[in-house]
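Trainee: curious how this folds, go ahead:
(2 chains)
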Amino acid sequence: MFISYNWLRELTGTKLEPPEIRDRLTNVGLAVDAVEARADDFVLDVEVPSNRGDCLSHVGIARELSVIDKSKVQSPKSEVPNTKDKTTDFAAVEIRDPDLCPRYAARIVRGVKIAPSPEWLVKKLEAIGQRPINNVADITNYVLHELGQPLHAFDLAKLAENRIVVRRARQGETIKTLDGVDRKLDREVLVIADADKAVAVAGVMGGEESEISNSTVDVLIESAYFDPSSVRRTARMLGLHTEASHRFERGTDPEGVLAAQERCVALISEMAGGVVTQDALDVYPKPFESKSVSLRASRVETITSLSVPESEMKRILDALGFVLRADELSVLTFTVPSWRHDVSIEEDLVEEVARHTGYDNIGTGLPPATLAGEYHFTEKRKRALRQALSACGFDEAISLSFIESTDAFELIPQLANHPSVKLTNPIIEEASSMRQTLLPGLLNSIRHNLNQGIRDVCLFETGRVFAAANKGELPREREAIALVATGGAREAGRAQPVRELDFLDLKGAAEAAGDAINLSELRYEAATVKHLRAGQSAKIFSDSTQVGTIGRLSDTIAGSYKFRQPVFVAELDLTAQLEMPERPVLYSPLPRFPSIVRDVSLLVDRTVSVANLMGAAQAEKPAYFIGATFVGTYEGEGIPDDKRSVTLRFEYRADDRTLRDEEVDQVHWPLVQSLQKTFSAEIR
Amino acid sequence: MLFIEIASKDKIGEAERTLQELTAAARVARETIDVTIPGRRPRPGHLHPITLMRQRIEDIFVSLGYLVEDDREIETDFYNFDALNIPEGHPARDPQDTFYTTEGFALRSQTSTVQIHAMQRRGAPMRMIAPGRVFRRDTPDPTHNPMFFQVEGLCVDRGITMAHLKGTLAEFVHRLFGPETKTRFRPSYFPFTEPSAEVDYSCFNCGGSGCRICKQSGWIELGGSGMVHPNVLRAANVDPEQFTGFAFGLGIDRTCARIYQLDDIRLLFENDVRFLEQFR
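Mentor: This is a model prediction of the structure:
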C-alpha cells in the first residue's frame, strides 16, 4: 500500500524524515519495502500484515507513527456546510442479511455538479498511484485512503424506487460491474440492490448502471460494514480484488462508518456543490460490542523479557486507541478500539507493547540446557542407508507426492488392494492422486534424463506412499524406498561405462542398503510381478513377510515411457524395516585350525537356483561342514540350453585339529552325491 | 697375471652390474605409470541438496537439545488448522491454498501439525523440531512448488521468553552461515504465535552491505517465529499460565535456493543427474 509522506505529515506533524520513517515503521511490524521520491513528495510502500486492516489508510499509519514519535493524529475536519431535509425523505434502506451486513448507512447530496477534481486532490491521489475519475468518485477514494473506510456513490436517479436493499444475490442473478464485465452471482454473494435488481456487489465493486456520470445530479453515499469472510469469498469467486474488498476482507471499523461518510459528504458539497441531507439513514441491526482485555503488567516481561514501566505501557496503548478502564494491582484493563479486530487476549496487548518498545531491545540468550537432544529414531539408519546407496553410485531423487493415477504397478504389500487417495483440488490436472508407489516419479526422472541425453542413470528415493483406509479414516501412510537403474555401470572420472548394468547391480545396491541398516538378510524369490518382466522379477522377503519387489521393468511399461534400454527397478516398504530392532553384534572366537575347501561344479537344470543348492547343502550339514559359498555360474558353449553349471565352494573344519584330506573326502562326497540325486545334477 | 685376473673378474662383475642396472632401468621405464589417470572406483552417488540441508539443520538443533519429530503428511483439520489457532473462514483453509483429499482431509500445509502431536505425546517441557514435506496450492514457477520442505521448531518450558527465541535463532544462523552472521527480528503476524516476528539474517555473501543475493538489502528472510499462542498450548493440553514457549519455521528448499544460488527451484524435483551431481 502506498502512503504519502506529505499526507502523513499533515495528519501528525511528524518531524521524522522519510528514511527514518521507513526504518521505524518496519520495526513496529509495518515493513516499508521502498521509499520513492515523487514530485514534491515521498511515497512509502508499506506492507501491512493481514490482521492489521486498521493500518490500510493514512490515519491508520499515522496512528502507529504517533506512538513512535509521540506526535498526535489530527482528525481530519469534516463540517458539512449546507444541510437540508432528511435522508428518509429521498431513500429507504433495508438489510435482509444482518449477518453479512451488520451496518449500512446512506446519506444523500442533492444537486451536485460532476466535474474533474481540483488539482490538490488529483495530486494526492496520483501520488499514491490512484487514477482520478471525477470529483465525487475521487472524494470517496480519497476518504478510503485517508480513513480506511470504503465508500460508494450511487446515482440516486438510477436506483429503482430510490430503495437500497442489502440481500443475497438470487441464484444466477447477473450484474455488469464498473469494469464493464458481466458477472454471474450465486446465493453466497451479498449484493446491494434497488427495488428491482442488484446495483453493486457488496464490498467489492459497484454496478455500471448506477455509476456516477456527468449527468448525475443527486448522489447516495454508502458507508457500511460488511462481514469480512463473506467479502473475501465473493472477491475470490469473482476473481475481483479491489481497494474496497481488500479492506472489508480484513475488517473495517464498524464504528467509523458515520464519520467517514460525514467526511465524504462534506468534501462533496464543498467541491461539487449540492445540499446534504441532515442525517445519515443508519441501519445498524447488529451493533458492535466493544471488547475489554486485561493486561497483567508483569506478563510483558514473562513473555518478552522486556522490562517496560507501566506508564510506558499505558502511553503506547493509549496512543493506539486503547482506553484504560481499570488499573488495579498492576492489572490494566482496556477497552479495545473498534478498529482493532486483531486484539482479543492479553498476549495481543503484550505484542503491542513489545513491538512499540522494540524487538531490538529484547536481549538474546539460550534457554537453560535441561533437555537432551535426540534424532528421530529412524534417522541414524536412514542416513546409513543413503550413504550406502550413494556409495553404490545412486543419486538421491525427490519427486512430487502427487502423480497421475495408475494401476500398472504392484504396490508394497502394506498398500496393496487399497484404493489411491484422490485430491479434490489438484494443481496439476493430471496429477490428482497421492502416490501409492515411488516408481512412477523415478521413471519420469529417468525419462527426463534420457531426454537430456544422459543414458546412465541410477536413482533412489525414500518417501511417503499413500492409500485410502476405511471410509472416514485418515489414509494409510508408509515410508518406502525405491531404486531404479539403467544404462552402464560408471566409474568415477571415466567417460565410458565399464559395462551395462543388470539385475545383480540393482540387487547389490538393495543388499548394501539392507546391510547399512543392519537388517537380517532379505530373501529374494523369483515371482511374477505385474510391472516386471517375467523371468527377471522377484519378491523380497524379510523372514516370511513380503516387503517389496525387484526386477526388470516390463516391456509394456518401458514402452509407455519410451525407454529403449533395460530399466531395473525395486521398491520396498521401509516403515517396518526401520522399526525392526537392530541385530546385535556378537563375537565368535577365531578358528584355531585351518579349514579345508572343496569346489564343486554341478550341471543342473536352469530351474534349479543357487539358493536351492545352498539350502540343500545347509540342510544336509555333514560333520565338519562350515558352509557353502557361491563361486560362479557358467552357461553357453558345451552346456545344453536347458542347463547351466553352478560352482560352489564347500568349507570344512574341526575345532580341535587340522583335518586330513581323507577325513574331508569322507563327508564331502556323500554330500555331493546327495545333491546330485536331489537335483539330477552331473559333476563337471 | 693375478692382477689381470682380478681386474677382468672385476670388469665382468661390473659389466654384470651395469647390465642389471640397465635391464632394471628399462623395466622401470617400461612399467612407469601415468599417475595422473583418475583412480579406479565406482562413480559415487550424491545426496539430494534438500537432504544435505536438512541434515545440517537437524545436527545443529540436536546439539542444542532438541528432539527431531515427524508425523503424518495427510492430516485432519484439527491438526492442520484448529489446533494452530487458524479459525474457520481463514484464507489458509481455502481450497485455493490447501490441498484436500476427497475424504476431506488436508495435505499438511506446515509441519506445525507435528508440534501438536508431539506436545500431546510428550507434554511440557519439550524442545523439538519437525522437518518435513508440506503442500500448498502454488502453481509451479521459478520460486514456487506445490510441495516443499520446511522445519518447524518449538521450545516450551517454564520461563521461556522472546530473548530465548532470539538467542536460539542467532545461534542457529551462526552455525549454519558463520559466526559473523547477524539476525534481525521484525514484528509480524501468524495465527499460531503472539507476539510474532519475522526473522532475517545478514547476507552470507556480502555480509550486509548489499548484493545480488540479498537484493541489495543486506538481509535475507529466514522465516517466521514468535511466542506460542496460548490457544495452541491449550489445544495440546499445556497450561499457558505455567509454561511459555517459542516456535519458528523456515523453508529448507528456500534456504537451499539461497545458499546454492538456485535461480529456479523447480530443479529440486526434476532429478536431473547433472543437477544432483553438484551437491555433496
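
Trainee: how does chain A divide into domains?
Mentor: Here the domain parsing of chain A from automatic domain parsing is A:2-69, A:87-283, A:292-358, A:379-579, A:596-683.

Trainee: mean pLDDT for those - can I get that in a markdown table?
Mentor: A markdown table is the format used below for the domains of chain A (pLDDT from 0 to 100):
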| stretch | mean pLDDT |
| --- | --- |
| domain A:2-69 | 94 |
| domain A:87-283 | 95 |
| domain A:292-358 | 96 |
| domain A:379-579 | 95 |
| domain A:596-683 | 94 |
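
Trainee: got those domains as CSV, with mean neighbour count and distance to chain B columns?
Mentor: Quick note: C-beta positions are derived from backbone N, CA and C, even for glycine. Shown next, in CSV, are the domains of chain A (neighbours: other Cβ atoms under 10 Å in any protein chain shown; distance: least, Cβ to the nearest Cβ, whole Å):
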stretch, mean neighbour count, distance to chain B
domain A:2-69, 19, 3
domain A:87-283, 20, 4
domain A:292-358, 18, 4
domain A:379-579, 19, 3
domain A:596-683, 15, 21
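
Trainee: pipe those into a markdown table and attach distance to residue B:180 per row.
Mentor: Formatted as a markdown table, those follow (distance: least, Cβ to Cβ, whole Å):
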| stretch | distance to residue B:180 |
| --- | --- |
| domain A:2-69 | 22 |
| domain A:87-283 | 39 |
| domain A:292-358 | 23 |
| domain A:379-579 | 30 |
| domain A:596-683 | 58 |
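
Trainee: right, and the ones you listed - which one's nearest residue B:148?
Mentor: Of all the domains of chain A, it is domain A:379-579 that lies closest to residue B:148, at 10.3 Å by Cβ to Cβ.

Trainee: centre-most residue in the chain?
Mentor: Went with chain A since none was named. residue A:427 (12.1 Å; Cα atoms, centre = their mean).

Trainee: can you look at chain B instead?
Mentor: Chain B has residue B:53 as the residue nearest its centroid, 2.3 Å off, counting by Cα atoms, centre = their mean.

Trainee: neighbours around the residue of the stretch 101-250 of chain B found nearest chain A, how many?
Mentor: Ranked by Cβ to the nearest Cβ, the top residue of the stretch 101-250 of chain B for proximity to chain A is residue B:187, at 3.0 Å. Neighbour count for residue B:187, taken as other Cβ atoms under 10 Å in any protein chain shown: 24.

Trainee: for it, which non-adjacent residue is spatially closest?
Mentor: In this structure, residue B:187 finds its nearest non-sequential neighbour in residue A:29, 3.0 Å apart by Cβ to Cβ, 6 or more residues apart in numbering or on different chains.

Trainee: please look at that neighbour and residue B:190 and confirm they touch.
Mentor: No. At 11.7 Å, residue A:29 does not count as touching residue B:190 under the criterion of Cβ atoms under 8 Å.

Trainee: show me what contacts the residue nearest to residue B:187?
Mentor: Shown in contact with residue A:29 (Cβ atoms under 8 Å, 6 or more residues apart in numbering or on different chains): A:49, A:52, A:355, B:186-189.

Trainee: could those be laid out in TSV, adding secondary structure and distance to residue A:134?
Mentor: Formatted as TSV, the contacts of residue A:29 follow (DSSP: H, G, I helix; E, B strand; the rest coil; distance: Cβ to Cβ, whole Å):
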residue	secondary structure	distance to residue A:134
A:49	coil	34
A:52	coil	31
A:355	helix	41
B:186	strand	40
B:187	strand	40
B:188	strand	39
B:189	strand	37
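
Trainee: and of those, the nearest to residue A:245?
Mentor: Distances from residue A:245 to the contacts of residue A:29, taken as Cβ to Cβ, are shortest for residue A:52 (16.5 Å).

Trainee: I'd assumed residue A:342 was in contact with that closest one.
Mentor: Yes. Look at residue A:52 against residue A:342 with Cβ under 8 Å: they come within range, at 6.5 Å.

Trainee: any shared contact partners between the two?
Mentor: Joint contacts of residue A:52 and residue A:342 (Cβ under 8 Å, 6+ apart) are residue B:189.

Trainee: how close does the nearest residue to residue A:658 once chain neighbours are set aside sit to residue A:659?
Mentor: Residue nearest to residue A:658 in three dimensions, not counting chain neighbours: residue A:593, with 4.8 Å by Cβ to Cβ, 6+ apart. For residue A:593, the distance to residue A:659 equals 8 Å [Cβ to Cβ, to the nearest Å].

Trainee: list residues touching both of those two?
Mentor: In terms of Cβ under 8 Å, 6+ apart, residue A:593 and residue A:659 are both contacted by the residues residue A:653.

Trainee: tell me the contacts of residue A:99?
Mentor: By Cβ under 8 Å, 6+ apart, the residues touching residue A:99 are A:227, A:286.

Trainee: got it, and residue A:667?
Mentor: Contacts of residue A:667 (Cβ under 8 Å, 6+ apart): A:622-625, A:652.

Trainee: at which residues are the strands of the stretch 201-350 of chain A located?
Mentor: Ranges of strands within the stretch 201-350 of chain A are A:205-206, A:219-225, A:275-276, A:281-283, A:292-296, A:323-328, A:331-335, based on DSSP state E, counting those that start in this stretch.

Trainee: so what touches the first one?
Mentor: Read that as strand A:205-206. If you take Cβ under 8 Å, 6+ apart as the criterion, strand A:205-206 is touched by A:152, A:154, A:177-179, A:199-200, A:240, A:242, A:244-245.

Trainee: perfect, that will be all.
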